[in-house]
Each structure stands twice: as structure tokens, then as C-alpha cells.
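1. Provided below for reference: sequence and predicted model.
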Amino acid sequence: MTDTVAVADWQAWQRSWDRQQEWYLPDREERFRVMLDAVEAVVGPEPRILDLACGTGSISERALRRFPGATSTGVDLDPALLTIARGHFAAEPRAEFVTADLRDPGWTGRLPHRRYDAVLTATALHWLRSDELRVLYGQIAGVVREGGVFLNADHMPDPATPRLNAADHAFQKERRARAQAEGAQDWVQWWQAAERDEVLAGPVAERFTIFGNPANGDHADGETQSVAWHAEALREGGFGEARAVWCSPSDAMVLGLK
């Protein structure tokens with residue numbers, strides 16, 4: 001009898017992550033399309049991309065599919081999501097991944113390149129406090145080349161529209177409840193499934209040590225700010241121009257042009 005070695009289906013885990021994220025963000029693919037349209041418009045179809053707080057590499061996957069001449073560096077701290085990313089992109093020479101904490105002042109020193117054409121991130125930086133994000137925006141300006149672009153798609157509610165915000169919140173809550181009744185996984189359920197996986201169990205346990213266990217209600221103590229706040233912080237951080245290029249009632253995407 002020979003021992004069997006567990007092998008993960010990384011493509012299946014990537015698809016599972018995408019479905020879980022789409023449960024929260026039904027317009028997720030639209031924001032990715034707008035993001036990559038902006039990249040092509042500003043820096044062309046062969047960008048060197050920094051996929052910031054990359055998770056499983058969702059942005060990298062779409063960028064490399066759209067731009068055959070592109071390369072991507074994904075950076076994240078989460079060992080479980082990086083394990084999926086590295087497995088999923090194992091045969092893709094245009095993608096590489098770096099473990100780094102964006103709150104570490106020296107995180108840019110871990111990158112394989114000093115400058116990037118485009119730095120892209122989605123639904124991630126709200127985990128940071130506002131003071132941390134201001135610092136990070138300045139660091140990002142330091143790795144974006146002159147004429148390059150930064151795009152951040154995230155939760156950016158407008159405090160000036162409380163009734164609209166409340167209506168959208170109620171609408172999205174009902175939509176998610178219907179989808180979950182049909183079998184969609186939420187954040188907690190997805191992590192519980194990953195924890196049960198023989199290959200991912202170790203990285204997930206390490207992830208829980210760093211960030212806490214979602215099943216226990218653990219979450220980073222981040223903050224959300226308006227589009228105007230983000231645009232101002234980007235300009236203060238060293239970007240020549242900054243504004244929104246996409247929005248929904250609760251989310252937006254800001255662009256910083258170096």
C-alpha cells in the first residue's frame with residue numbers, strides 16, 4: 001500500500017473565492033473591467049502591475065487574461081489566500097507573489113521591482129485605519145512610476161446621503177439573504193470550508209493567528225471614508241490628480257495619476 005498525498009484543486013478554490021466575494025459584490029466584474037480600462041487608457045496594454053492586498057489574485061488573473069504582455073506582482077499578508085494564489089498561478093510565469101504587511105514601513109523593500117506602471121487593489125484597504133491608509137497612499141506614490149496609475153475600489157459611503165445609504169443597505173441585505181438561501185457561502189462559511197480542507201488547514205490556522213477567526217467575529221479595526229477623503233489623501237500623498245472613476249450606492253473606485 002502506498003501513502004496518498006492530498007492535492008488541492010487550486011482553480012476550484014479560486015472559483016469558490018470569487019463566488020463568495022460576488023455574494024457581497026454583485027457588480028465585482030464591472031469594477032474590474034472599469035479598473036483595467038483605466039489601466040489601458042493611462043499606461044497601455046503591457047503594464048507592470050502591483051496587485052496590492054491581492055488575496056487569491058483575482059485582479060492579477062483578470063489583468064493577465066486581458067493583457068498578454070502584462071506582468072503582475074501580488075502582495076499580501078494572508079498565508080491562506082497566498083497559498084491559493086501561488087497554487088492557482090503555479091504555471092503562470094508572468095505572476096509572482098510576495099508576503100508582506102502593508103503596515104510595515106519597509107514593505108516596499110520586499111517587492112521585486114522599484115517602480116510599477118499600475119498599482120491596483122479592490123475591497124481590501126478598508127481593513128486599515130484612516131491614519132494608516134494616509135501613510136500607505138504616500139508609500140504607493142513612491143512605487144508608481146511618473147505617469148503611472150493607482151486604482152482603489154472599495155467601500156466608500158457618502159455621509160451626505162444617509163437615506164440612500166440606508167435603502168441600499170436594506171436592499172443588499174435582502175439580496176444576500178435570498179442568495180444564501182439558494183446555497184451561497186458567506187465570509188464565515190467560506191473560511192470554515194477552507195479550515196476543513198486537508199491542504200489549506202495549516203495556512204488557515206496561521207491566518208487565524210494573524211487576523212483572528214471570522215467565526216468568532218474577529219475582524220480588523222479598519223475605517224471607511226468617502227470618495228472625497230480618498231481623493232484628497234491621494235493628492236496629499238504625492239499623486240498629481242485623483243478622482244472617482246466608478247461608483248455604486250455604497251462603493252467607489254478612486255484613481256490617482258502620478
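-> Received it, and whenever you're ready, just let me know what you need. Numbering: from 1, shown residues only.
2. For the stretch 101-250 of the chain, which segments are assigned as strands?
-> 116-122, 144-155, 241-247 (DSSP state E, counting those that start in this stretch).
3. Could you look over these and pick the most buried one?
-> strand 116-122 (a mean of 25; mean count of other CB atoms under 10 Å). Yep, even glycine has a C-beta here, placed from its N, CA and C like the rest.
4. tell me what that one is packed against?
-> helix 28-43, strand 48-52, helix 58-66, helix 130-143, strand 144-155 (3 or more CB pairs under 8 Å, 6 or more residues apart in numbering; DSSP states H and E).
5. So in that sheet, which strands flank it, and in what orientation?
-> Sheet pairing for strand 116-122, assigned by DSSP bridges, gives strand 48-52 (parallel), strand 144-155 (parallel).
6. if you count residues, which helix in the chain comes out on top?
-> With DSSP state H applied, the helix covering the greatest number of residues in the chain is identified as helix 162-181.
7. Now that helix: buried residues?
-> 168, 172, 179 (16 or more other CB atoms under 10 Å).
8. Report the mean per-residue pLDDT for that helix.
-> Helix 162-181 comes out with an average pLDDT of 95.
9. low pLDDT regions in the stretch 151-258 of the chain?
-> 218-220 (pLDDT under 70).
10. If you could redo that for the stretch 1-150 of the chain, that was the one I meant.
-> In the stretch 1-150 of the chain (pLDDT under 70), the answer is 1-7.
11. mind redoing it with 50?
-> Under the criterion pLDDT under 50, the flagged ranges of the stretch 1-150 of the chain are 1-5.
12. and the closest residue to residue 147 other than its chain neighbours, what does it touch?
-> Nearest non-adjacent residue to residue 147, counting by CB to CB, 6 or more residues apart in numbering: residue 258, 6.3 Å away. Residues counted as contacts of residue 258 (CB atoms under 8 Å, 6 or more residues apart in numbering) are 141, 144, 145, 146, 147, 148, 149, 150, 238, 239, 240.
13. Residue 251 now?
-> 25, 27, 31, 153, 154, 155, 156.
14. ok, back up a step: redo the strands of the stretch 101-250 of the chain as CSV? Include distance to residue 47.
-> Compiled in CSV, the strands of the stretch 101-250 of the chain are given as follows (distance: least, CB to CB, whole Å):
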stretch, distance to residue 47
strand 116-122, 4
strand 144-155, 8
strand 241-247, 16
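15. for those strands, which one sits closest to residue 215?
-> Each of the strands of the stretch 101-250 of the chain was scored for nearness to residue 215 using CB to CB, and the closest is strand 144-155 (22.1 Å).
16. how much does that closest one deviate in direction from helix 130-143?
-> For strand 144-155 against helix 130-143, the angle by axes from the mean of the first three to the mean of the last three CA atoms, to 10 degrees is 150 degrees.
17. distance between strand 144-155 and the chain's centre?
-> 13 Å (CA atoms, centre = their mean, to the nearest Å).
18. now it and helix 28-43, what's the angle there?
-> 160 degrees.
19. okay, strand 144-155 in CSV with CA atoms only?
-> Taking C-alpha atoms only, strand 144-155 is exported to CSV below (Å, rounded to 0.1, in the frame of the first residue of the first chain):
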residue,chain,number,x,y,z
VAL,A,144,4.1,54.2,-9.1
ARG,A,145,6.2,55.5,-11.9
GLU,A,146,5.8,59.0,-13.2
GLY,A,147,2.7,58.9,-15.4
GLY,A,148,1.6,55.7,-13.8
VAL,A,149,-1.8,55.0,-12.1
PHE,A,150,-3.2,53.7,-8.8
LEU,A,151,-6.7,52.4,-8.5
ASN,A,152,-8.6,51.5,-5.3
ALA,A,153,-12.1,50.0,-5.5
ASP,A,154,-13.6,49.7,-2.0
HIS,A,155,-16.4,50.7,0.4
